[in-house]
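*Asks:* sharing a sequence plus its predicted fold:
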Amino acid sequence: MEDERRLYRLDGVAHVARTIDAEPTRCVYSVRRQQNMPFHDRIIPYLERAGLYHLARLNAHWFWLDEPLVSAFIERWRPETHTFHMPFGECTITFQDVAYQLGLPVDGQAVSGCMTDFHMHIEGARPAWEWFEELFGELSPPDKRKLYTVHFTWFHERFRVLPADASEETVRIYARAYIMMLLSTQLFMDKSANRVHLSWLPFVVRLDDMGSYNWGAAALA
């Protein structure tokens, strides 16, 4: 019983859940949002084929985070058991939750790859930035790049407005940009909270094949 109380107490640290109103600064606010990045009608078919359309709709209309609630869950997480230790018992996120709430594909090819050496496995052994320029039609400015990441604001400013007379190839470029941001800022965000990693290039190069991947399992993992 004592061990159980210690788990809920988290080594004596007062829970955010009990102090949200008095200490709002303890909540997590550094989460990148993409709600102000519209997805245009012409890129919807690409999102549907990729299995990411439902997630994109959540992102654009209903995906609003409750920061105090997220903060409370974060400190209730126990890495020893991969579960949330709540006052009423343990709970965790399931595969069914991912499938029903995010609408992601839950079968197909595994989404894999290492973010640190992904560039070594690019087909044709092309430099990563050369491949980026080929897929997006241009390179981001040097001050918007760091290692193998691009600052979110460049994608947002460059691909926010799709020209009315855009060719189908231009639409594909905008679809790639939206999907890169969707993956980096909603499903697989890192602690930088403001960068898009080039490790997603091998996936967006063939937009029609993205629906064959098990995005649900990757998101849960």
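*Replies:* Everything's here; your move. Residues are numbered from 1 along each chain as shown.
*Asks:* next, give phi and psi for Leu147.
*Replies:* With angles defined as degrees, to the nearest 10, Leu147 sits at phi 50, psi -120.
*Asks:* and stretch 90-108, how far apart are its ends?
*Replies:* The straight-line separation of the ends of stretch 90-108 (C-alpha to C-alpha, to the nearest Å) is 30 Å.
*Asks:* what residues sit buried inside that stretch?
*Replies:* By neighbour count with 16 or more other C-beta atoms under 10 Å, stretch 90-108 contains the buried residues Val98, Ala99, Leu102, Gly103, Leu104, Pro105, Val106. Glycine gets a C-beta too; all of them are placed from N, C-alpha and C.
*Asks:* same list (those) but as JSON lines, adding pLDDT.
*Replies:* Shown next, in JSON lines, are the buried residues of stretch 90-108 (pLDDT from 0 to 100):
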{"residue": "Val98", "pLDDT": "86"}
{"residue": "Ala99", "pLDDT": "87"}
{"residue": "Leu102", "pLDDT": "85"}
{"residue": "Gly103", "pLDDT": "86"}
{"residue": "Leu104", "pLDDT": "88"}
{"residue": "Pro105", "pLDDT": "87"}
{"residue": "Val106", "pLDDT": "86"}
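*Asks:* can I get those in CSV with distance to Tyr213 and secondary structure?
*Replies:* Shown next, in CSV, are the buried residues of stretch 90-108 (distance: C-beta to C-beta, whole Å; DSSP: H, G, I helix; E, B strand; the rest coil):
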residue, distance to Tyr213, secondary structure
Val98, 14, helix
Ala99, 14, helix
Leu102, 14, helix
Gly103, 14, coil
Leu104, 10, coil
Pro105, 7, coil
Val106, 11, coil
